[in-house]
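Engineer: can't give you the sequence, but here's the structure:
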């Protein structure tokens, strides 16, 4: 009976194992296809991101160059403006000096008559062509004595009508 029961009792186990193996093989192939699709999509995404980063880098580089150019222009215009301000300050200082000099000059009253300068005792009024040596000879004094009693006089730039003191003889 053993022999007969074995022959009639066909085992489906190897057939079921073969079917399970085929199903596993089909699922593995489907999984590999899906993984390769995901890998391709990921690579395309990475390439897109690299392209975007390169574009951003290019834009940033161009903006930096533009900023450098603008900064250089601002530096030049600022320097020009400072030069103009310095010129104006110099001009204003010149005007202030002129105002101070005119304020320091003695005021002549309107009642006084404008006329030739008159020399007082021990004074001499400069005439055209006068020099210190000519005045000293004409008045009979020494040139060093004439210079000594007139310490504020510029003897190289005498002006007509200017008064100088004469030393005592």
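Structural biologist: Arrived safely. Every value quoted in this text rests on a predicted model; they were computed, and no experiment measured them.
Engineer: Just give me how far stretch 52-70 sits from the chain centre.
Structural biologist: Computed by C-alpha atoms, centre = their mean, to the nearest Å, the chain-centroid distance of stretch 52-70 equals 23 Å.
Engineer: Got the domain ranges for the protein?
Structural biologist: Under the assignment automatic domain parsing, the domains of the chain span 14-83, 123-165.
Engineer: highest average neighbour count across those domains?
Structural biologist: Counting by mean count of other C-beta atoms under 10 Å, domain 123-165 has the highest mean neighbour count of these, with a mean of 13. In this view, the C-beta of every residue, glycine as well, is placed from N, C-alpha and C.
Engineer: So for that one, mean pLDDT?
Structural biologist: Average pLDDT, domain 123-165: 92.
Engineer: got the end-to-end distance for that domain?
Structural biologist: One end of domain 123-165 sits 4 Å from the other (C-alpha to C-alpha, to the nearest Å).
Engineer: Heading C-terminal from the least confident helix or strand in the chain by mean pLDDT, find the next helix or strand.
Structural biologist: Every helix and strand of the chain was ranked by mean pLDDT, DSSP states H and E. The lowest is helix 2-8, at a mean of 53. Following helix 2-8 in sequence order, the next helix or strand is helix 13-104 (DSSP states H and E).
Engineer: Can you spell out which helices and strands pack onto that following helix?
Structural biologist: Here helix 13-104 touches no other helix or strand, going by 3 or more C-beta pairs under 8 Å, 6 or more residues apart in numbering; DSSP states H and E.
Engineer: centre of the chain versus that helix, how much separation?
Structural biologist: Chain-centre distance of helix 13-104: 26 Å, with C-alpha atoms, centre = their mean.
Engineer: can I assume residue 124 sits in a strand?
Structural biologist: Yes - remark: residue 124 belongs to a strand, assigned using DSSP: H, G, I helix; E, B strand; the rest coil.
Engineer: Report the contact partners of it.
Structural biologist: By C-beta atoms under 8 Å, 6 or more residues apart in numbering, the residues touching residue 124 are 135, 139, 163, 164, 165, 166.
Engineer: any idea how far residue 81 is from the residue nearest the centre of the chain?
Structural biologist: Per C-alpha atoms, centre = their mean, the C-alpha nearest to the average position across the chain is that of residue 75, at 3.3 Å. Distance, residue 75 to residue 81, by C-beta to C-beta, to the nearest Å: 11 Å.
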